[in-house]
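*Asks:* Below: sequence and its predicted model.
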Amino acid sequence: MRFILPISAASFLTRNPVTSPKDWSFVIVLTFLSFYLVAIQPDLGTSLIVLLSGLLPIVISGFPWIYISIGGLLGVLSLPVLWVNLLDYQKQRILTLFNPEADIYGAGWNIVQSKIAVGSGGFFGKGYLQGTQSQLDFIPESHSDFIFSVIAEEFGLFGVILLFLVYGILIYRLLLVSFLSSNRFAKIVSGTLSIILLAYISINISMVIGLLPVVGMPLPFISQGGTALIVNMFTIGIILSLRKEA
């Protein structure tokens, strides 16, 4: 869905020289339908990525900012309705975000242990495979969702800065394809896929340091998982192919 939705949306929105409100409306309806189908599985984290994958092509294609502002306001006003329809474990994750110490041996365990690992790394870290939180299995899913806390503990702030630098260069080069492209389709698809990759990075790191609720979101190119790696490599390949055609 990460590929099908933005590529289909970009193709539909660029079939005519000028995008009509009818085209935007059609893509918006299909985007929210896709979001709903994933959300009821239930998988709220992935459904939000799907929602972003469908809305970004609309924004990049020139959707009026006044309507974007109105949509954002309606989204904020709909939060109470969304809260009522969340499952109990989803509500618990959000409540844990604001006070993880309330259930330190239960729902708050993951984030508390992760924050301990990140904070104890210092500037240069404890050394490769020398992290106590990760090597003694205090951090759950240390090989996938919480691998950033392992990096911060073992390589410290210095390692984190290097990681951010590598990610920054990667995202900059990918977004450059969108900025420099003269082809509308290539501009929309490359821009959307680049921002989605950035969203994965931002959400995972924010989750690990306690800025967002805990969701199953891998850190691109680092977390263990063959499927995630293949999908991310597909993302890079598609953008590079668009650069060649742009």
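*Replies:* The structure has been received and is ready for your questions.
*Asks:* what helices or strands is the longest helix anywhere in the chain leaning on?
*Replies:* The single longest helix within the chain, with elements called by DSSP state H, is helix 147-180. If you count contacts as 3 or more Cβ pairs under 8 Å, 6 or more residues apart in numbering; DSSP states H and E, helix 147-180 packs onto helix 109-120, helix 132-135, helix 184-208, helix 226-245. (Each C-beta comes from the backbone N, C-alpha and C, glycine too.)
*Asks:* If you tally nearby residues, what's the number for residue 35?
*Replies:* For residue 35, the count of nearby residues is 23 (other Cβ atoms under 10 Å).
*Asks:* correct me, but it touches residue 49?
*Replies:* No - the criterion here is Cβ atoms under 8 Å, and residue 35 misses it with residue 49 at 9.5 Å.
*Asks:* mind listing what residue 146 touches?
*Replies:* By Cβ atoms under 8 Å, 6 or more residues apart in numbering, the contact set of residue 146 is 110, 114, 139, 140, 208.
*Asks:* one step back: ranking the helices and strands packed on helix 147-180 by burial, who's on top?
*Replies:* Mean neighbours per residue, mean count of other Cβ atoms under 10 Å, is largest over the helices and strands packed on helix 147-180 for helix 184-208, with a mean of 22.
*Asks:* tell me the angle the longest helix of the chain makes with helix 226-245.
*Replies:* 20 degrees (axes from the mean of the first three to the mean of the last three Cα atoms, to 10 degrees).
*Asks:* who are the neighbours in contact with residue 94?
*Replies:* Neighbouring residues of residue 94 by Cβ under 8 Å, 6+ apart: 86, 213.
*Asks:* name the element it belongs to?
*Replies:* Counting by DSSP states H and E, the element that carries residue 94 is helix 88-98.
*Asks:* Counting neighbours, which bits of that helix end up buried?
*Replies:* By 16 or more other Cβ atoms under 10 Å, the buried positions in helix 88-98 come out as 90, 92, 93, 96, 97.
*Asks:* on that earlier part again, so which one among the contacts of residue 146 has the lowest pLDDT?
*Replies:* Across the contacts of residue 146, the member with the lowest pLDDT is residue 140, scoring 78.
*Asks:* quick one: secondary structure of it?
*Replies:* coil (DSSP: H, G, I helix; E, B strand; the rest coil).
*Asks:* Cross-check the contact I'm expecting between it and residue 110.
*Replies:* Yes - using Cβ under 8 Å, residue 140 is in contact with residue 110, at 5.5 Å.
*Asks:* tell me the SS of the nearest residue to residue 156 once chain neighbours are set aside?
*Replies:* Leaving aside its chain neighbours, residue 156 sits nearest to residue 125 (3.3 Å; criterion: Cβ to Cβ, 6 or more residues apart in numbering). Classification of residue 125 using three-state DSSP returns coil.
*Asks:* For residue 125, the count of nearby residues, please.
*Replies:* Around residue 125 there are 21 other residues, counting by other Cβ under 10 Å.
*Asks:* Am I right that it is in contact with residue 150?
*Replies:* No - in this structure residue 125 lies outside contact range of residue 150 using Cβ under 8 Å: 10.0 Å.
*Asks:* Give me the common contacts of those two.
*Replies:* Taking Cβ under 8 Å, 6+ apart as the contact rule, residue 125 and residue 150 both touch residue 131.
*Asks:* Could you tell me the model confidence score at the residue nearest to residue 156?
*Replies:* As predicted, residue 125 sits at a pLDDT of 84.
*Asks:* still on that earlier bit, so which of the helices and strands packed on helix 147-180 is nearest residue 86?
*Replies:* Nearest to residue 86 among these is helix 184-208 (16.9 Å), distances taken as Cβ to Cβ.
*Asks:* Report all helices and strands that the closest one contacts.
*Replies:* Using 3+ Cβ pairs under 8 Å, 6+ apart as the test, helix 184-208 ends up in contact with helix 4-13, helix 44-60, helix 147-180, helix 226-245.
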